[in-house]
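Peer 1: What follows is a predicted protein model with its sequence.
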Amino acid sequence: MIRYVVQLELRIQGRWVAVERYDNAHGFCHWDTIHADGTTDKTPVYFGDAAETFTRAITALQTDWPAHRARYLAELRHD
C-alpha cells in the first residue's frame, strides 16, 4: 500500500462534512480530528506498516463513529 485515506463524514444540512480522518499524507500515518470551527488536531499513529494502520483505522471508525458524531454535533451547537 502506498497511500490511503479513511474518513468519517456526516451529512449536515445537505452537505457532507469530514469529521475524522486517518491517512498517510505529509509523509507519516496520522489521525485528524476535524472540529466544527475548521481547526484540525493531527495525531501520529503507528500500528506496524501502512496496511496495518489502514485496517485499524477502518475498525476504529466503524467502532467509534457514534462518539465522533456526538462530539462534532456538540461543537456545532456551541459555535
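Peer 2: Nice, thanks for sending it over. Numbering: from 1, shown residues only.

Peer 1: Helices along the protein, start to end?
Peer 2: Remark: helices assigned in the chain by DSSP state H are 50-78.

Peer 1: Low-confidence stretches in it?
Peer 2: 79 (pLDDT under 70).

Peer 1: wait, isn't A50 in contact with V5?
Peer 2: No - judged on Cβ atoms under 8 Å, A50 makes no contact with V5 at a distance of 11.4 Å. For glycine as for every other residue, the C-beta is placed from the backbone atoms N, C-alpha and C.

Peer 1: neighbour count winner among the two?
Peer 2: Neighbours per residue (other Cβ atoms under 10 Å) separate A50 from V5, with A50 holding more: 17 against 13.

Peer 1: Pull the contacting residues for the more buried one.
Peer 2: By Cβ atoms under 8 Å, 6 or more residues apart in numbering, A50 lies in contact with 1-2, 4, 24, 29.

Peer 1: Distance check, it against W16.
Peer 2: From A50 across to W16, the span is 25 Å (Cβ to Cβ, to the nearest Å).

Peer 1: what does H35 give?
Peer 2: H35 is 16 Å from W16, by Cβ to Cβ.

Peer 1: go on, T33?
Peer 2: Relative to W16, and taking Cβ to Cβ, T33 is found at 17 Å.

Peer 1: ok, those two, which is more surrounded?
Peer 2: T33 (15 against 10).

Peer 1: For the more buried one, which residues are in contact?
Peer 2: Counted by Cβ under 8 Å, 6+ apart, T33 has contacts 20, 40-41, 43, 68.

Peer 1: try 7 Å
Peer 2: 20, 40-41 (Cβ atoms under 7 Å, 6 or more residues apart in numbering).

Peer 1: Just give me the closest of those to R56.
Peer 2: Among those, E20 lies closest to R56 (Cβ to Cβ), at 13.3 Å.

Peer 1: quick one, what contacts that closest one?
Peer 2: Counting by Cβ under 7 Å, 6+ apart, E20 has contacts 8, 32-34, 61, 68.

Peer 1: Just the buried ones among those, please.
Peer 2: Buried by 16 or more other Cβ atoms under 10 Å: 8, 32, 34, 61, 68, out of these.
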